[in-house]
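Novice: Sequence first, then the predicted structure, then my questions.
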Amino acid sequence: MEPSTTIPKRGPDPDWPLTQGIAWSPAGTRVIAGRDDVAACLADPTMLMWVDVTAPSHVQVNDIAELLTLHPLIAEDIAERNQRAKVAEIEGALHIVMFWIAHEGEITELEIDLVLNHRSLLTVHEPGWDPFTIPQLRGDPANVLRRGPDYLLYALTDGIVDAYFPVLDALGDEIDALQDDVIARPNSWTLERLFALKRQLITLRRAMSPAREIFNQLTNRDLTLIKAEHVIYFRDVYDHLIRVTDELDNDRELVSGTLEVYLSTVNNNLTVIMKRLTGVTVILAGIGATAGIFGMSEAGVALAGGAGSGFWLVTAFVVAGAAITALLLRRINWI
């Protein structure tokens, strides 16, 4: 067989409709497009194989597990989906669950199951992630696979983790913009976005944080499925995850701090409004008192030119008091 660097297309196999993959041996490469291709590659002990399956049925998962001699517990976890991020070694196979994260206005998480054994790597996921487009493969998955399925596992997981950084950058930019809005225009929309960001960061933490422990185990456990010379690559992914979780924690603190600033700003604005209402109330009280005085019978006598010097004195005192109060309130910015 002639070597090929062509990315495989999804196969026509009606029982395995959304399957693609590639196999490598010293004799060359082979495209995998269905069950028969997988069986043929397994029959050749020199073949290394990568099989990628999108949205398989329970029947197909069990068929794949039987063909690759995977433990029924691995097949059950893959079929059921909705797993947490984890790593488990069961009867000669290493099962890793990670999440592909995308950010298009909202956070989207996609579960990815990766199963490694000595000669093959199986990836299972829902639509929305195409592993053959990961930059680490450089458009030539066969050249990566020839270094071993464990090295291919590194390349795919490194691509998954590297995709976290643009998501965090986008959220960081949104947090920066909201911090400006909190000071200039604190309103209900700002509060809604703050709570939405907080929910998104919780989702990210649930997906990303366990991955850090996964690669801690991969780099510190004695795993026969990962070659000693490749452990350093998994340690590099672990270092990336430390940066990811640190940045994630920093964003969470920024959102919490921004929320506190928002509440403080709203309280300050409410205090200003209450001060102004208090000032207006005091002034209106003076005006009300004056109106009350002019409603008294003595007001009629005074206005008719009769004796009423006391009335005018009281009136002058009330008006002066209201004016002085208004000036004082204005001086201290209450009105």
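Specialist: The structure has been received and is ready for your questions.

Novice: switch to C-alpha atoms for all contacts and neighbour counts from now on
Specialist: Noted.

Novice: So what touches stretch 202-222?
Specialist: 84-87, 96, 98-99, 101, 107, 109, 231-232, 234-235, 237-238, 241-242, 244-245, 248 (Cα atoms under 8 Å, 6 or more residues apart in numbering).

Novice: Give me the buried subset of those.
Specialist: Neighbour counting by 16 or more other Cα atoms under 10 Å classes 85-87, 96, 98-99, 101, 107, 109, 231, 234-235, 237-238, 241-242, 244-245, 248 among these as buried.

Novice: Can you flag which of the residues you listed belong to strands?
Specialist: Using DSSP state E, the members of those that fall in strands are 86, 87, 96, 98, 99, 101, 107, 109.

Novice: Give me the lowest-pLDDT entry from those residues.
Specialist: Among these, residue 107 carries the weakest pLDDT, at 86.

Novice: Hmm, residue 101 and that one touching each other?
Specialist: Yes - using Cα atoms under 8 Å, residue 107 makes contact with residue 101 at a distance of 7.0 Å.

Novice: now the ones in strands among the buried ones among the contacts of stretch 202-222 in TSV, with distance to residue 145?
Specialist: What follows is these, written out as TSV (distance: Cα to Cα, whole Å):
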residue	distance to residue 145
86	23
87	21
96	18
98	20
99	22
101	24
107	31
109	27
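
Novice: what two of those residues have the greatest distance between them?
Specialist: 87 and 107 (23.6 Å; Cα to Cα).

Novice: Quick check on the spatially most central residue of the chain: phi, psi?
Specialist: In the chain, the C-alpha nearest the mean C-alpha coordinate belongs to residue 204, at 3.7 Å (Cα atoms, centre = their mean). The phi/psi pair for residue 204 (degrees, to the nearest 10) reads phi -60, psi -40.

Novice: circling back: quick check, nearest of the ones in strands among the buried ones among the contacts of stretch 202-222 to residue 190?
Specialist: Nearest member of those to residue 190, counting by Cα to Cα, is residue 107, at 18.3 Å.

Novice: okay, and the helix or strand of the protein with the least pLDDT?
Specialist: Every helix and strand of the chain was ranked by mean pLDDT, DSSP states H and E. The lowest is helix 297-303, at a mean of 53.

Novice: can you give me the strands for the stretch 1-150 of the chain?
Specialist: 19-25, 28-32, 48-54, 86-90, 93-103, 107-116, 120-125 (DSSP state E, counting those that start in this stretch).

Novice: Take those strands and write them to JSON lines, including distance to residue 209.
Specialist: Putting the strands of the stretch 1-150 of the chain into JSON lines (distance: least, Cα to Cα, whole Å) gives the following:
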{"stretch": "strand 19-25", "distance to residue 209": "30"}
{"stretch": "strand 28-32", "distance to residue 209": "34"}
{"stretch": "strand 48-54", "distance to residue 209": "25"}
{"stretch": "strand 86-90", "distance to residue 209": "11"}
{"stretch": "strand 93-103", "distance to residue 209": "10"}
{"stretch": "strand 107-116", "distance to residue 209": "14"}
{"stretch": "strand 120-125", "distance to residue 209": "20"}
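
Novice: do you know how far residue 257 is from residue 176?
Specialist: 12 Å (Cα to Cα, to the nearest Å).

Novice: same deal with residue 250?
Specialist: From residue 250 across to residue 176, the span is 12 Å (Cα to Cα).

Novice: in the stretch 101-250 of the chain, which segments are predicted with low confidence?
Specialist: Judged by pLDDT under 70, the stretch 101-250 of the chain has no weakly predicted residues.

Novice: And the helices in it?
Specialist: 141-145, 149-162, 164-184, 188-220, 231-294 (DSSP state H, counting those that start in this stretch).

Novice: most neighbours per residue, which of these?
Specialist: helix 141-145 (a mean of 23; mean count of other Cα atoms under 10 Å).

Novice: What are the contacting residues of that helix?
Specialist: 4-5, 7, 22-24, 29, 48-50, 132, 137, 151-152, 155.

Novice: How about stretch 169-188?
Specialist: 103, 190, 193-194, 197, 251, 254-255, 258, 261-262, 265-266.

Novice: Of the residues you listed, just say which sits nearest to residue 159.
Specialist: The closest of those, once distances to residue 159 are taken by Cα to Cα, is residue 103, at 15.7 Å.
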